[in-house]
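Participant: Quick one, structure for this:
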Amino acid sequence: MNRFWEFFIKGMPIGISNTLPGVSGGTMALVLKIYDELVNSIKKINLKVLIPIGLGAVAGVFLSSTLIINLLENFNLFMTAYLLGLILASSKVTFKEIENFNFSTLFLILFGLIFAYFYSVDINGAKTVESISLLKFFGGGAIGSVAMILPGISGGTILVMLGLYQSVLSAISTFDFMIILVFGLGVAFGLLVFSWLLSYFLNNYRSLLMALLTGLIIGSTRSVIPPQLTFSVIAGFLLGITSIYLLLQVEE
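Facilitator: The predicted structure is shown next:
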């Protein structure tokens, strides 16, 4: 298969995964065996790799955003519980990467948990698109971009925590060009600037970084705690956990 189309096709599930809190685009890249090539291409700005993967990811985001928005509107309790299961189960990925449990790692887990818990915004209580500044969309794209290429951390989870998740998906599904452009510029900026920093921390302080990320993931579940316990909530939660389990089985 032509390398362009191979990267394009593999980019689509990466894009789809980044619209789902708890499912990491980085983990999906690992599953598809293009992670190292993707990170190195970002650092070196290798457009022959980045353009097809990027186009595929954009196509995947557009395909999935409308569906997810409709599910959140029509099956809110089920989807909220499903996202809770996805996010909680995904913490296993980063938790396994913690090599030594000592004061530093335990402190970072606790710090990340407390920070995310108090900063997280209820997914159903997020502000409307009109009330969010373009600067926040840019910042959300920049911060979320790091999670989009980091295994175990979901860009969707970060957007939930920032209160931007539904707003970004709504903008994409309704083709709100200005918000899509600003958010996309934020993503590009984050990828170009933070890929070097991320690579440095992964290579030199991997265990500490994973401890912090584990705390952030667990703490961010505050955003998707269902307001009541029903059969659909239990079913959604279990399905979310099962989805991550099956994805990790494929990766292994």
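
Participant: Point out where the stretch 151-252 of the chain drops to low pLDDT.
Facilitator: For the stretch 151-252 of the chain, the stretches with pLDDT under 70 are 151-154, 248, 250-252.

Participant: All the helices of it, in order from the start?
Facilitator: 155-162, 165-173, 177-204, 206-219, 231-251 (DSSP state H, counting those that start in this stretch).

Participant: what's the closest of these to residue 47?
Facilitator: helix 177-204 (12.3 Å; C-beta to C-beta). Backbone N, C-alpha and C define where each C-beta goes, glycine included.

Participant: relative orientation of the closest one and helix 155-162 in degrees?
Facilitator: Here helix 177-204 points in a direction 110 degrees away from that of helix 155-162 (axes from the mean of the first three to the mean of the last three C-alpha atoms, to 10 degrees).

Participant: sorry, back to before: let's have the helices of the stretch 151-252 of the chain in TSV, adding distance to residue 102 and mean neighbour count.
Facilitator: Compiled in TSV, these are given as follows (distance: least, C-beta to C-beta, whole Å; neighbours: other C-beta atoms under 10 Å):
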stretch	distance to residue 102	mean neighbour count
helix 155-162	26	28
helix 165-173	34	22
helix 177-204	17	16
helix 206-219	9	23
helix 231-251	26	16
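
Participant: Any chance of those helices in JSON lines with distance to residue 47 as columns?
Facilitator: Shown next, in JSON lines, are the helices of the stretch 151-252 of the chain (distance: least, C-beta to C-beta, whole Å):
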{"stretch": "helix 155-162", "distance to residue 47": "22"}
{"stretch": "helix 165-173", "distance to residue 47": "23"}
{"stretch": "helix 177-204", "distance to residue 47": "12"}
{"stretch": "helix 206-219", "distance to residue 47": "28"}
{"stretch": "helix 231-251", "distance to residue 47": "28"}
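
Participant: and residue 40, which of the ones you listed is closest to it?
Facilitator: Of all the helices of the stretch 151-252 of the chain, helix 177-204 comes closest under C-beta to C-beta, at 8.9 Å.

Participant: The closest one versus helix 206-219: what angle between them?
Facilitator: Using the same axes, to 10 degrees: helix 177-204 against helix 206-219 is 140 degrees.

Participant: Out of the helices of the stretch 151-252 of the chain, flag the one nearest residue 65.
Facilitator: Comparing the helices of the stretch 151-252 of the chain by C-beta to C-beta, helix 165-173 comes nearest, at 4.3 Å.

Participant: Please name every helix or strand in contact with that closest one.
Facilitator: Under the contact definition 3 or more C-beta pairs under 8 Å, 6 or more residues apart in numbering; DSSP states H and E, helix 165-173 sits against helix 47-74, helix 134-149, helix 155-162, helix 177-204.

Participant: again, only using 6 Å
Facilitator: helix 47-74 (3 or more C-beta pairs under 6 Å, 6 or more residues apart in numbering; DSSP states H and E).

Participant: Report the buried residues of the helix it packs on.
Facilitator: Residues of helix 47-74 classed as buried: 49-50, 52-62, 64-65, 68-69, 72 (neighbour count, 16 or more other C-beta atoms under 10 Å).

Participant: what's the following helix or strand after that helix?
Facilitator: helix 76-95 (DSSP states H and E).
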